[in-house]
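Chemist: Structure here, sequence nowhere to be found:
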């Protein structure tokens with residue numbers, strides 16, 4: 001779980017707004033029950049009309065979609081945002097449930113970059129971390145261990161894989177290894 005406190009100082013959080021009319025949502029604790037007023041929880045969309053899941057390999061895979069514990073006629077879709085309702089009724093973002101970060105407005109999930117790098121035959125292992133400047137995530141940094149049998153690959157090869165990993169997850173790499 002990524003807490004917003006790591007990138008927003010206390011007392012300076014901007015609200016993300018109010019729910020749009022006609023949108024049904026809930027804020028749930030880790031066990032799927034609603035949180036008390038003022039407590040942080042995961043934002044989920046609620047609807048009677050959400051899909052049962054994704055069609056994969058001849059059957060329905062529910063994926064992240066699941067039945068709502070409060071009303072079984074509803075399905076819920078987790079968003080990944082951790083939110084809290086303020087006293088004035090506005091909602092504020094307090095973190096994420098996954099390792100997604102925004103860099104210059106572009107959402108990027110570290111695991112996808114990591115997987116793209118590891119898919120290279122020239123890479124034995126890889127790790128990706130977020131670099132911060134002050135309170136803001138400014139870049140993803142990749143550490144790559146070359147595959148011993150393919151050590152002849154140059155930095156140019158790893159740079160190409162890094163650019164491809166970034167392009168596939170964010171659309172625009174800023175720099176390379």
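Modeler: In hand now; what should we look at? Here the structure is a predicted model, which means the values were calculated and not measured.
Chemist: Spit out the contact partners of the residue sitting nearest the centre point of the chain.
Modeler: With distances taken as CA atoms, centre = their mean, residue 100 lies nearest the centre of the chain, 3.0 Å away. When contacts are counted by CB atoms under 8 Å, 6 or more residues apart in numbering, residue 100 touches 2, 80, 107-110. Quick note: C-beta positions are derived from backbone N, CA and C, even for glycine.
Chemist: which element is residue 111 on?
Modeler: helix 110-118 (DSSP states H and E).
Chemist: Strands along the chain, start to end?
Modeler: 2-3, 15-17, 25-28, 41-47, 54-56, 59-61, 66-67, 75-85, 91-96, 100-103, 106-109, 123-133, 136-146 (DSSP state E).
Chemist: With mean pLDDT and distance to residue 116 added, can I get those strands in CSV?
Modeler: Output for the strands of the chain, formatted as CSV (pLDDT from 0 to 100; distance: least, CB to CB, whole Å):
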stretch, mean pLDDT, distance to residue 116
strand 2-3, 42, 21
strand 15-17, 81, 30
strand 25-28, 89, 32
strand 41-47, 90, 27
strand 54-56, 84, 22
strand 59-61, 87, 23
strand 66-67, 86, 29
strand 75-85, 89, 20
strand 91-96, 84, 20
strand 100-103, 76, 15
strand 106-109, 76, 11
strand 123-133, 81, 9
strand 136-146, 79, 10
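Chemist: which one of these lies closest to residue 117?
Modeler: strand 123-133 (3.9 Å; CB to CB).
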